[in-house]
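K.L.:
Mind folding the following:
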Amino acid sequence: MSNRVVLSANGLSKSYVQGKRSLAILKALDFSVFEGEVVSIMGRSGSGKSTLLNVLAGLDHCDEGSVTLNGFCWQNISEKDRDRARNSSLGFVYQFHHLLPEFSAIENVMMPLLIAGKPRKKSLEVARELLSRVGMSDREDHRPSELSGGERQRVAIARALSNAPALVLMDEPTGNLDEQTASEVRGLIRTLSRESGQSFVIVTHDSQMAEIADRRFKLESGTLQEFSE
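P.N.:
Model prediction:
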């Protein structure tokens, strides 16, 4: 882990209106992630963890504050430039893999590269290498319906890494997996972080997943509180 800040959030506030009530989800929240760091965020259901991820990714607007990722401040650039910045600097992994069912594993991993305008031959090489890194070399021609839950999640992780993003955001990446498969995914994420120097922010209910992180936080009452060792 280096001292370079990949993601910086300053004074984030976010509220939703329910009827006549205003519900504060994030309250003047400050948060930073360093290069090569794994950060976990836990919190009860409804605490705002997914909202926080969406704001950090520039997919949702905050009421106050700012988010800067790899030099891009979401609040200061157009929606078109946000899309470009997300494709080049961010990877996403969700509880449900969201793989495209009509495409093979390797085609799914290639997709972000092709969208970014990379040549097909180079995209194929990168996708093949990433599938090898996540232990899926022998399944690259299989469609999602032909893969187990753990295999689909491995492909989703490879896809998230395809454009060599500075940061990967994960929303309950083991939430839909059995314990053995979840353990394998936890080990894979830790290994990838050490080998690639990429940063990971993981929202999770899985305490064992949270424990692989360099820093652990709990989102409660709209603020992040770091776990002390």
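
K.L.:
Flag the shaky bits of this protein, pLDDT-wise.
P.N.:
For the chain, residues meeting the criterion pLDDT under 70 lie at 1-2, 95-97, 228-229.

K.L.:
what's the residue most central in space within it in contact with, if anything?
P.N.:
Geometric centre of the chain, nearest residue: residue 169, 1.4 Å, by CA atoms, centre = their mean. Taking CB atoms under 8 Å, 6 or more residues apart in numbering, we find residue 169 in contact with 53, 56, 57, 90, 91, 92, 93, 200, 201, 203. The way it works is simple: take the backbone N, C-alpha and C, and place the C-beta from them, glycine included.

K.L.:
so what strands line up beside the helix or strand where it lies?
P.N.:
Following DSSP states H and E, one finds residue 169 within strand 167-171. Sheet pairing of strand 167-171 (DSSP bridges) gives strand 90-94 (parallel), strand 199-203 (parallel).

K.L.:
okay, that strand in PDB with CA atoms only?
P.N.:
The C-alpha trace of strand 167-171 is given here as PDB (Å, rounded to 0.1, in the frame of the first residue of the first chain):
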ATOM      1  CA  LEU A 167     -10.300   1.100  -7.700                       C
ATOM      2  CA  VAL A 168     -12.800  -1.800  -7.600                       C
ATOM      3  CA  LEU A 169     -16.100  -1.300  -5.700                       C
ATOM      4  CA  MET A 170     -17.700  -4.500  -4.400                       C
ATOM      5  CA  ASP A 171     -21.300  -4.700  -3.000                       C
END
